[in-house]
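>>> return atomic coordinates for the entry below.
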Amino acid sequence: MTTRQISRPGAALAALTVAAVTSTLLAVDASAADPAGAAATAGTAGTADVRIHDIQGDSRVSPLAGQRVSHVPGIVTGVRPYGSRGFWFQDADGDGNPATSEGVFVYTGRTPTVEPGDVVRVSGRVGEYTYGGRGSGNQSVTQLSGAEVTVVSSGAELPAPTVLDADAVPERYAPRGTGSDGSIDELPLRPERYALDRYESLEGMNVRVDDARVVGPSSRYHDLWVTVEPEQNPTHRGGTRYAGYEEQNSGRLKITSLTPVSQLPFPQADTGDVLGSAEGPLDYDQYGGYLLAARDLGQVRDAGLRPEATRAQRRGELAVATYNVENLDPGDDRAKFDRLAEGIVHNLAAPDVIALEEIQDDSGPEDDGTVTADETLRLLTDAIAAAGGPRYAWRGIAPQDKQDGGQPGGNIRNVFLFNPERVSFVDRGEGDATSATEVVKRRGRASLTLSPGRVDPLNSAWEDSRKPLAGEFRFRGRTVIVVANHFASKGGDQALHSRFQPPNRSSEEQRLAQARSVNAFVKDVLAVQKKANVVVLGDINDFEFSPVTDTLTEGGVLSSAVYSLPAADRYTYVFQGNAQVLDQTLVSPGIRRYDYDIVHTNAEFSDQISDHDPQVLRFRP
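Take a look at the predicted model:
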């Protein structure tokens, strides 16, 4: 960017200057466009009065993309001095069309020298930039690059912000795409009907939220999520629940700050807190879609949310829990082990059996061929005992190196912890990473040939993914078969805010195959013993209403315990402001009565030790 500063008169001249600038006739400089851009747009521009709304147009893609425009007027509304460096500017007047934005981003590539309130004229090339690349399915951001900026004056009053609230944002989330790929790029915007169209019609403009409830806690990336539609699928703890593929919760909006954290720390907020205000340009990125890049950020009011604690199991109840401990390895701070231990003892009331996901090997992410996890588990069980809990024993099967996905080098796996004072583990056979446990009848009961053993590990469904771990337990003379799972992630799925609507869920195919594998195993158990006690649990990486859950429960062999809870309590994870179910506990028909609890200790909090909430199932076998 080259900047030629003409003058910086006082604020008293600002209104006069703005009027003069915004009445200037401007033209597209077609001769300055590169050959490819000129060829692509030949005959479409010529000489015309060009303002920001002409650049933005009334769809997602600029009608002037590839062309060079000259002396476009506006007022700087925000400056981003980090990341994708540049600034936003906005026309002081508008065309009265709610579908055309009056703001746009100017990419400079280095820290801009302009300031909010500067009246500028900008020349540059119009382009569409897609975060994550076009293959990501993300929408593009209209911007100017190769800019020449003239500062006409400074100290101008900023354009009044558009207030985003329940009246301003439609309930419907997105239009249905057209053509063979389902793209919404070329559709005319209908901001009165669809939330994504409303946000797009404000791209680059000065917007504001007031007293917005936090629905996604502050993250290490210095952002948080609020809702401007507080009545949309509320959870009982202040969040917004993802209740179905057609209930995307249009009021969710990410908040970032234009002030570097080195100058002003980003606020720490938990779900349910209230952000007093935020004002700045409306932006878009690949990590959540539309966001408010706050030039001014208000205070957060603490709503007093605290981690939950579940009740202890009764003498005759078996308590089985599942907990994704997020890449736990010996290199983690002692504080993580201690906090996990405190949570297991006090918040989960020391369950009899715990299925753990994301236990890493003893060298953590170092890719050195290590696959054992005894040190990881020793540190965790020692911490639990030190916190006043039982001395847990563990069982698991080490994976083959680099065959189970997850963080490279970490070799994550599923592991059972169990309290030997309350429950016994039936050790049988020599299970290994590639041997499948089978179901046989012993003394009239379903039994495993390998315990611990892996379920169907050579099935292609488990390629580069964690294999299910099955174990046979005895509680008060009765057998319980527990299957710990960590299905393939959602990586590769198109985002809810994708330019393809409805978005493609490509990762679902592998989880469907995994669900069929586990379902077949449970059917084998029930074929031997119709009323067998089977618990299938873990990080399923899919929703309770998903085809994956339908496949897991097909034939009535399992039912998801999450449906025993009120709708407002059905969530184990918070992603981009949506509280949702990813972890599940499913039970066989033989378990007729149970008490199930999702213990909200992590996902809603900025200081979480895992991004998943644990669950506990209590029943009498």
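
>>> least trustworthy helix or strand in the protein by mean pLDDT?
Lowest on mean pLDDT, DSSP states H and E among the helices and strands of the chain sits helix 35-41, with a mean of 32.

>>> ok, so what distance separates the residue of the chain most remote from its centre from V528?
Relative to the mean C-alpha coordinate of the chain, counting by CA atoms, centre = their mean, the farthest residue is R443 (47.9 Å). As judged by CB to CB, to the nearest Å, R443 and V528 stand 11 Å apart. Placement of C-beta: from N, CA and C, glycine included.

>>> A515 now?
Distance from A515 to V528, by CB to CB: 21 Å.

>>> who's more crowded, these two?
Just comparing A515 and V528: by other CB atoms under 10 Å the higher neighbour count belongs to A515, 27 against 16.

>>> tell me the secondary structure for that one?
Classification of A515 by DSSP: H, G, I helix; E, B strand; the rest coil places it in helix.

>>> so what's the closest residue to it other than its chain neighbours up against?
Of all residues not flanking A515 in the chain, T551 sits nearest, at 3.8 Å (CB to CB, 6 or more residues apart in numbering). Neighbouring residues of T551 by CB atoms under 8 Å, 6 or more residues apart in numbering: L512, A515, R516, N519.

>>> could you give me the average pLDDT of the helix or strand hosting the first one?
Just to be clear, that refers to L512. L512 is part of helix 508-528, with elements assigned from DSSP states H and E. Across helix 508-528, pLDDT averages out at 98.

>>> how far away from the center of its chain is the helix or strand just after that helix?
Next helix or strand after helix 508-528 toward the C-terminus (DSSP H and E): strand 533-539. The chain centre lies 25 Å from the centre of strand 533-539; the measure is CA atoms, centre = their mean, to the nearest Å.

>>> now the angle from strand 533-539 to helix 508-528?
Strand 533-539 and helix 508-528 are oriented at 170 degrees to each other (axes from the mean of the first three to the mean of the last three CA atoms, to 10 degrees).

>>> which of the residues in strand 533-539 are buried?
N533, V534, V535, V536, L537, G538, D539 (16 or more other CB atoms under 10 Å).

>>> closest to P566 out of those?
Closest to P566 out of those is L537 (20.2 Å), distances taken as CB to CB.

>>> can you tell me how far that closest one is from L292?
Counting by CB to CB, the gap from L537 to L292 is 38 Å.

>>> for T227, same thing?
12 Å.

>>> overlap in contacts, the two.
Contacts common to T227 and L292, judged by CB under 8 Å, 6+ apart, are L253.

>>> ok so, going back, tell me what the helix holding L512 is packed against?
If you count contacts as 3 or more CB pairs under 8 Å, 6 or more residues apart in numbering; DSSP states H and E, helix 508-528 packs onto strand 439-442, strand 445-448, strand 478-486, strand 533-539, helix 547-552.

>>> strands paired with the helix or strand following the last one, and their directions?
Proceeding C-terminally, helix 547-552 gives way to strand 559-560 as the next helix or strand, assigned by DSSP H and E. Paired strands of strand 559-560, with direction, are strand 583-587 (antiparallel) (DSSP bridges).

>>> other residues contacting the partner strand?
320, 322, 324, 534-540, 544, 549, 552-553, 558-562, 572-573, 594, 596, 612-615, 617, 619.

>>> name the residues of that strand that are buried.
Buried-residue list, strand 583-587, by 16+ other CB under 10 Å: D583, Q584, T585, L586, V587.

>>> is it possible to export the residues you listed to TSV including pLDDT and distance to Q90?
Shown next, in TSV, are those (pLDDT from 0 to 100; distance: CB to CB, whole Å):
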residue	pLDDT	distance to Q90
D583	98	44
Q584	98	47
T585	98	51
L586	98	52
V587	98	56
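
>>> quick one on the thing from earlier: and the contacts of strand 583-587, which are buried?
Buried among these by 16+ other CB under 10 Å: 320, 322, 324, 534-540, 544, 549, 552-553, 558-562, 572-573, 594, 596, 612-615, 617, 619.

>>> checking T381 next. Helix, strand or coil?
helix.

>>> actually, G331.
coil.

>>> pull the contacting residues for it.
G364, P365.

>>> swap the cut-off to 7 Å and go again
When contacts are counted by CB atoms under 7 Å, 6 or more residues apart in numbering, G331 touches G364.

>>> how about A309?
So A309 contacts H346, N347 (CB under 7 Å, 6+ apart).

>>> now with 10 Å?
Under the criterion of CB atoms under 10 Å, 6 or more residues apart in numbering, the neighbours of A309 are G343, H346, N347, L348, A349, D597, V599, T601.

>>> isn't the last one right next to V325, touching?
No. Using CB atoms under 10 Å, T601 is not in contact with V325; the gap is 11.9 Å.

>>> overlap of the contact sets of these two?
What both T601 and V325 touch, as defined by CB under 10 Å, 6+ apart, is the set G343, I344, I609, S610, H612, P614.

>>> and the furthest pair within those?
It's I344 and H612 that sit farthest apart of the shared contacts of T601 and V325, by CB to CB, at 13.6 Å.

>>> relative to L417, how far out is S451?
Taking CB to CB, one finds S451 at 15 Å from L417.

>>> same check, this time on D270
28 Å.

>>> V79 now?
With CB to CB as the criterion, V79 and L417 are 51 Å apart.

>>> same thing with Q143?
Applying CB to CB, the value for Q143 to L417 is 52 Å.

>>> how about the helices in the stretch 301-450 of the chain?
334-342, 374-386 (DSSP state H, counting those that start in this stretch).

>>> what's the angle from the last one to helix 334-342?
Inter-element angle recorded for helix 374-386 and helix 334-342: 60 degrees (by the same axes, to 10 degrees).

>>> can you pull out the low-pLDDT segments for the chain?
1-48 (pLDDT under 70).

>>> domains of it?
The chain breaks down by automatic domain parsing into domains covering 2-153, 162-301, 318-619.

>>> which one of those domains lies nearest to R311?
Using CB to CB, the domains of the chain put domain 318-619 closest to R311, at 6.4 Å.

>>> what about the closest one, distance to the chain center?
20 Å.

>>> what about that domain, how long is it end to end?
6 Å (CA to CA, to the nearest Å).

>>> cool, and stretch 545-560?
End to end - CA to CA - stretch 545-560 spans 10 Å.
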